[in-house]
Every structure is written in structure tokens, then in C-alpha cells.
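K.L.:
what would the 3D arrangement of this be:
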Amino acid sequence: MMLLKNIQEWTLLLVIFGFTALIGNWAGYEIMPLTALPGMITLILICLAGFILRELIPVNFPSIAYISLIGVLVSMPWMPGSEKIVEWTSQVELLALATPILAYAGIAIGRSWTDFVKLGWKTIVVASLVMLGTFIGSALIAEIILRFQGII
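P.N.:
Numbers count the residues shown, from 1 in each chain. From the prediction side, this is the model:
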């Protein structure tokens, strides 16, 4: 009974993410939602299968590993229907998928803002320095590579 409730919750979340990703796919990459819908449904079903396997198999193995294994297996050339799965999922852009997931992560952090504040001002300073360092490091690497290639 608990598994059924979990499946319903997972399905609802995946459908919400899928719908949002379809809109992002359309807005950002001009791929019509109906064109990308079979790929999105395929990705949702693969994720759902991974979540279910995580609950059914009594081995401490993360659901992302199950999802990855299922995704790789169903897209292997020797798997029946893999050509269609690859064709459908190629209509869904990665960044269109990442956007709603990152937004959800931001909302989750925002909901626990009181927990974040309890960590203190030092955490904010360290986080800011890490982000600044990452930005500057990325900019320097890009500058070096682009100069080396003669682009700038």
C-alpha cells in the first residue's frame, strides 16, 4: 500500500517536471511540446521504473543508479525498440530537463531557510567565496582556451 502511495507521488512530481521541461524545451529550443511528448513520457517511465526498483530490491543502491542502468539498457542498439526510444528522447534537451529540477532545489532550500540561517554568517561568506572562486576560475580557463584557439 505504501509503495502505491509513493508511485502516485513520484508520478505526480515527474509529470509536473515533465510538463515544465516541455515548456522550457519549446521556449528555449523551439521544439514543439507534442514533438517532445513521446520522449518525455519515455523519460518519465524510465525514472518511475528506477524508483520502483529502488523500493523492491533490498540492496542499498541509489535510485539514480537504477534509472541510469534502465536508460542505458533500453537505448542499447540490440534492444528492441531502442531506435524509437533514442529518436523520441533526442527531442528533449538536457537543459530543458535541468531547469525545473534546479528550480525545485531552490524552492527546497528556500523552504528550509531557517535551517540555512542557523548555520550562521560564516556559511554565507564561505558559500559566496566558493561561488566567486568558481566564477573567476571558469572565466580564467575560458580566457586561456579562447586565446589559445585564437578566437579572442
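K.L.:
count of neighbours near residue 86?
P.N.:
Residue 86 has 15 neighbours, counted by other C-beta atoms under 10 Å. Backbone N, C-alpha and C define where each C-beta goes, glycine included.
K.L.:
which of the helices or strands spans it?
P.N.:
Under the criterion of DSSP states H and E, residue 86 resides in helix 82-89.
K.L.:
need the contact partners of that helix.
P.N.:
Contacts to helix 82-89, defined as C-beta atoms under 8 Å, 6 or more residues apart in numbering, come from residues 38-39, 42-43, 74-76.
K.L.:
compare the residues you listed and tell me which is most surrounded.
P.N.:
With neighbours taken as other C-beta under 10 Å, the top of the contacts of helix 82-89 is residue 39, carrying 24 neighbours.
K.L.:
quick check: phi and psi at that residue.
P.N.:
phi -70, psi -40 (degrees, to the nearest 10).
K.L.:
against residue 3, how distant is it?
P.N.:
Plainly put, residue 39 is 27 Å away from residue 3 if you go by C-beta to C-beta, to the nearest Å.
K.L.:
state the pLDDT value of the nearest residue to residue 14 once chain neighbours are set aside.
P.N.:
Leaving aside its sequence neighbours, residue 14 sits nearest to residue 44 (C-beta to C-beta, 6 or more residues apart in numbering; 4.6 Å). Looking at residue 44, its pLDDT is 96.
K.L.:
okay, and the helix or strand of the chain with the least pLDDT?
P.N.:
Lowest by mean pLDDT, DSSP states H and E among the helices and strands of the chain is helix 113-118, with a mean of 68.
K.L.:
just give the number of residues close to residue 133.
P.N.:
10.
K.L.:
how about it, secondary structure?
P.N.:
The three-state assignment at residue 133 reads helix, by DSSP: H, G, I helix; E, B strand; the rest coil.
K.L.:
ok, the most centrally placed residue in the chain to residue 34 distance?
P.N.:
In the chain, the C-alpha nearest the mean C-alpha coordinate belongs to residue 98, at 4.4 Å (C-alpha atoms, centre = their mean). Distance from residue 98 to residue 34, counting by C-beta to C-beta: 22 Å.
K.L.:
could I have the helix holding residue 86 exported to CSV, CA atoms only?
P.N.:
C-alpha atoms of helix 82-89 as CSV (Å, rounded to 0.1, in the frame of the first residue of the first chain):
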residue,chain,number,x,y,z
SER,A,82,15.8,1.3,-29.0
GLU,A,83,15.8,3.3,-32.2
LYS,A,84,12.4,4.8,-31.3
ILE,A,85,13.5,5.5,-27.8
VAL,A,86,16.6,7.3,-28.9
GLU,A,87,14.6,9.2,-31.6
TRP,A,88,12.0,10.3,-29.1
THR,A,89,14.3,11.2,-26.3
